[in-house]
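Peer 1: Based on what follows, work out the 3D shape:
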Amino acid sequence: MAALLFAAALSAEGPDLAALDKAVARCDAKFMTATFSAEPQRRRAFAIDAYHEQESIVAARRALAMKRLAPVLVAAPAAGGPVPASNADLDREASLIAERQQELDDVRMLSSQRDQLLDLMRQQYLAKCATGKSDER
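Peer 2: Just a heads-up that it's a prediction; the model follows:
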């Protein structure tokens with residue numbers, strides 16, 4: 001659940017790539033300055049959030065490993081006594097952890113690709129607009 005919220009929060013972040021592409025074509029210095037002045041903060045916030053999510057996933061993996069190595073006793077409602085957690089319960093927990101990790105990996109991959117694209121657009125803007133050329137779209 002935490003990963004779903006994490007991914008949802010990150011998916012809305014970042015500059016509009018289509019608008020940025022148009023700004024590069026127009027040599028729109030105001031738009032480019034506003035966009036790239038906010039980029040370091042956005043990237044830093046993403047890195048911190050991704051680190052905390054990874055840290056949480058690692059803690060969940062460790063807790064699961066401990067459960068698998070030394071069966072955790074849980075109260076059995078009908079029997080009135082403790083029983084070990086079932087393999088099915090542990091497998092479900094492992095699946096949830098794996099899904100969280102995959103989602104984080106996907107968000108990181110998309111963020112990395114977006115960052116590379118932003119850096120490329122910035123380079124294009126600087127190379128093209130330093131000469132004063134513009135190709136309106």
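
Peer 1: Neighbours of the residue nearest to Asp28 when sequence neighbours are not counted, how many?
Peer 2: Closest residue in space to Asp28, ignoring its immediate chain neighbours: Lys22 at 7.7 Å, by C-beta to C-beta, 6 or more residues apart in numbering. Every residue, glycine included, has its C-beta placed from N, CA and C. Per other C-beta atoms under 10 Å, the neighbour tally for Lys22 reads 14.

Peer 1: same question, Phe31
Peer 2: By the criterion of other C-beta under 10 Å, Phe31 has 17 neighbours.

Peer 1: The residue nearest to Asp28: which element?
Peer 2: In this assignment (DSSP states H and E), Lys22 forms part of helix 17-26.

Peer 1: For the helix or strand following that helix, enumerate the helices and strands it packs against.
Peer 2: Moving toward the C-terminus from helix 17-26, the next helix or strand (DSSP H and E) is helix 29-69. Contacts defined by 3 or more C-beta pairs under 8 Å, 6 or more residues apart in numbering; DSSP states H and E place helix 29-69 against helix 2-11, helix 17-26, helix 87-129.
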